[in-house]
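Trainee: Structure of the sequence below:
(one chain, ligands or ions: 2)
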Amino acid sequence: MYVRFISRFFSAMAGPRPVVMSGPSGAGKSTLLKKLLTEFEGVFGFSVSHTTRSPRPGEEEGKDYHYVSREVMKAAIANGEFIENAEFSGNMYGTSKAAVQAVQAKNLICILDIDMQGVKNIKRTDLNPIYVSIQPPSMEILEKRLRDRKTESEESLQKRLHAAKVDMEISKEPGLFDVVITNDDLDVAYGKLKHAVLEEIQKVRDAHKS
Ligand SMILES: Nc1nc2c(ncn2[C@@H]2O[C@H](COP(=O)(O)OP(=O)(O)O)[C@@H](O)[C@H]2O)c(=O)[nH]1
Ligand SMILES: Nc1ncnc2c1ncn2[C@@H]1O[C@H](COP(=O)(O)OP(=O)(O)O)[C@@H](O)[C@H]1O
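Mentor: Ligands and ions are numbered 1, 2, ... in the order given. Prediction:
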């Protein structure tokens, strides 16, 4: 307990708290975090995860994800290179230590876009992030947004919708998230996200001034 307290204290001293964004696939996490990264360039840095899924059109290696084979990913996990990893919709995803360190070394607010298993695993670490859940207004709207995005096969879409139902239930668990944001109107949701991370933004700005 004491050791945990001390390490949290020092990690807080070391820089701003990371931000974990979670929520169903299609809820709008990438859309919201891209807005944040654009408006606050030089304040936030994205933790680039590893995944075994294929890149979507427009996605870039090293920017959106590190795209790797299952063999490479398993070997890296066995080698202790990951803070957390999970299986989602038939693919592996994981946050490497290097991904978070790369952002924290620049004293930026590290944003992690991870699923519910990731949230639960990060809770067992000393990362001490702000936990934000992004939720869709309804299952119907989520399905429409996912279909309109045109990135998923029918099979992948069904897996995501199934996982979404579970996610929407679990996210109601008291104390799991610091903030739960319903992404109905994008600008309203973005305003709420900014409000949730305002204190950390200020810390980075103050650090840059001094
Ligand atoms: N646990 C964990 N989940 C991740 C990681 N990277 C992405 N995810 C989650 O994996 C899920 C699928 O991501 P993706 O294939 O990009 O689809 P999208 O969320 O529909 O854009 C989402 O819930 C992400 O939050 C990671 O490093 N760890
Ligand atoms: N508030 C919103 N209103 C309407 N469409 C939205 C909204 N937020 C996101 N979208 C759209 O919904 C789709 C899913 O959003 P995305 O950011 O890819 O979700 P996630 O990263 O959570 O999987 C995208 O096509 C995006 O443009």
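Trainee: number of nearby residues for the residue of the chain found nearest ligand 1?
Mentor: Distances between the chain and ligand 1 by Cβ to the nearest ligand atom are smallest at Gly118, namely 2.6 Å. The way it works is simple: take the backbone N, C-alpha and C, and place the C-beta from them, glycine included. Other residues within reach of Gly118, judged by other Cβ atoms under 10 Å, total 22.
Trainee: any idea which element it lies in?
Mentor: Assigned by DSSP states H and E, Gly118 belongs to helix 116-122.
Trainee: cool, and Val180?
Mentor: Val180 is part of strand 179-182 when elements are defined by DSSP H and E.
Trainee: wait, what's in contact with Arg205?
Mentor: Listed by Cβ atoms under 8 Å, 6 or more residues apart in numbering, the contact partners of Arg205 are Val43.
Trainee: Hmm, I typed the wrong one, I wanted Ala99.
Mentor: Ser47, Val48, Ser49, His50.
Trainee: Determine whether any part of the biggest helix by length in the chain lies close to ligand 2.
Mentor: Counting by DSSP state H, the longest helix found in the chain is helix 186-209. Yes - using Cβ under 6 Å from any ligand atom, helix 186-209 reaches ligand 2 at Leu186, Ala189.
Trainee: Same check on stretch 155-174?
Mentor: No - judged by Cβ under 6 Å from any ligand atom, stretch 155-174 makes no contact with ligand 2; its nearest approach is 8.2 Å.
Trainee: Report the buried residues of that stretch.
Mentor: Using 16 or more other Cβ atoms under 10 Å as the test for burial, stretch 155-174 gives Ser156, Leu157, Lys159, Arg160, Leu161, Ala163, Ala164, Asp167, Met168, Ser171.
Trainee: coming back round to it: out of the contacts of Ala99, list just those in strands.
Mentor: Here DSSP state E is the test, and these give Ser49, His50 as lying in strands.
Trainee: Include pLDDT and neighbour count when you put the contacts of Ala99 into TSV, please.
Mentor: Putting the contacts of Ala99 into TSV (pLDDT from 0 to 100; neighbours: other Cβ atoms under 10 Å) gives the following:
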residue	pLDDT	neighbour count
Ser47	98	22
Val48	98	21
Ser49	98	22
His50	98	22
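Trainee: out of the contacts of Ala99, what pair is the most spread apart?
Mentor: Ser47 and His50 (10.6 Å; Cβ to Cβ).
Trainee: still on that earlier bit, how far is the longest helix of the chain from where the chain is centred?
Mentor: Relative to its chain's centre, helix 186-209 lies at 16 Å (Cα atoms, centre = their mean, to the nearest Å).
Trainee: when you scan the next helix or strand after the helix holding Gly118, is anything in it near ligand 1?
Mentor: As assigned by DSSP H and E, the chain's next helix or strand after helix 116-122 is strand 130-135. No - remark: strand 130-135 sits outside contact range of ligand 1, by Cβ under 6 Å from any ligand atom, the gap being at least 9.5 Å.
Trainee: tell me what strand 130-135 is packed against?
Mentor: Contacting strand 130-135 under the criterion 3 or more Cβ pairs under 8 Å, 6 or more residues apart in numbering; DSSP states H and E are the following elements: strand 19-22, strand 179-182, helix 186-209.
Trainee: deepest of the ones you listed, which one?
Mentor: Ranked by mean neighbour count under mean count of other Cβ atoms under 10 Å, the helices and strands packed on strand 130-135 are led by strand 19-22, which reaches a mean of 25.
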